[in-house]
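Enquirer: One predicted model, sequence on top.
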Amino acid sequence: ETGVTQTPRHLVMGMTNKKSLKCEQHLGHNAMYWYKQSAKKPLELMFVYNFKEQTENNSVPSRFSPECPNSSHLFLHLHTLQPEDSALYLCASSQAPGIDEQFFGPGTRLTVL
Amino acid sequence: AQSVSQHNHHVILSEAASLELGCNYSYGGTVNLFWYVQYPGQHLQLLLKYFSGDPLVKGIKGFEAEFIKSKFSFNLRKPSVQWSDTAEYFCAVIFTGGGNKLTFGTGTQLKVEL
């Protein structure tokens, strides 16, 4: 248990569906992140939030829409995804963005049909 | 652009063998360096990190890594691996002054055989 939880752990969705991934951290951190982990590729940073404000959007397509209502919760809203978006989506948190160790959640395994 | 390279994609060792996994990065400035491990079915967790000071860093479970600035390297070592070390290992770098993003290598899958 890392103090970062993600739900759901597995998600299968069609290309026309709308779904959301949820991340919650219980570590009192101020920064939260979304990463995409695909087979045989490095983890790709998607978004960074610091004190609820988005500070990084790593050229992510608009079909991925993040939301950070407070420093403990982070969502990733998904709509009209493509099969190539199938991957493991990881949430992480740290005390401050970009400097400290990041703590990762278990991930959501997403399959887009 | 800054990048992180892990040259060994798959490594198979017998128990008690010594381990060294390579990690190189491309950036001439200040870096913060990390090794993460992902055991089968588990989340990514930190093995060790280097920010400054002694370039030989000791982490959990008997792992250590050495920062060699002149070689832009941060190789991970363990003198004697165990079956339970079977996992995927990721080198990651924060290029300070370069957006402070954590950039990962592609990972090395280690299998330790009994």
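Expert: Looks like it came in fine.

Enquirer: Please count neighbours and contacts with C-alpha atoms only from this point.
Expert: Noted.

Enquirer: quick one, strands of chain B?
Expert: Assigned by DSSP state E, chain B shows strands spanning B:3-5, B:10-14, B:19-21, B:24-26, B:31-38, B:44-50, B:56-58, B:64-68, B:73-78, B:87-95, B:102-104, B:108-113.

Enquirer: if you compare the ones you listed, which one is most tucked away?
Expert: strand B:87-95 (a mean of 25; mean count of other CA atoms under 10 Å in any protein chain shown).

Enquirer: residues making contact with that strand?
Expert: A:98-99, B:2, B:4, B:6, B:23, B:25, B:27, B:29-40, B:100-111 (CA atoms under 8 Å, 6 or more residues apart in numbering or on different chains).

Enquirer: could you redo the last one with a cut-off of 6 Å?
Expert: With contact meaning CA atoms under 6 Å, 6 or more residues apart in numbering or on different chains, strand B:87-95 is reached by B:31-39, B:100-105, B:107-110.

Enquirer: Kindly report the same for stretch A:29-39.
Expert: The set of residues external to stretch A:29-39 that reach it, using CA under 6 Å, 6+ apart, is A:43-51, A:71, A:87-97.

Enquirer: List, one by one, the residues from chain A near chain B.
Expert: Counting by CA under 6 Å from any CA of the partner chain, chain A comes close to chain B at A:41-43, A:98, A:104-106.

Enquirer: So what's the residue count around the residue lying closest to residue A:41 once chain neighbours are set aside?
Expert: Nearest non-adjacent residue to residue A:41, counting by CA to CA, 6 or more residues apart in numbering or on different chains: residue B:106, 5.4 Å away. By other CA atoms under 10 Å in any protein chain shown, the residues close to residue B:106 number 24.

Enquirer: Low-confidence ranges, chain A, go.
Expert: A:1-2 (pLDDT under 70).

Enquirer: So what touches the helix-or-strand element of chain B with minimal mean pLDDT?
Expert: For chain B, using mean pLDDT, DSSP states H and E, the weakest element among its helices and strands is strand B:102-104, scoring a mean of 90. Residues outside strand B:102-104 that contact it (CA under 6 Å, 6+ apart): A:42-43, B:91-94.
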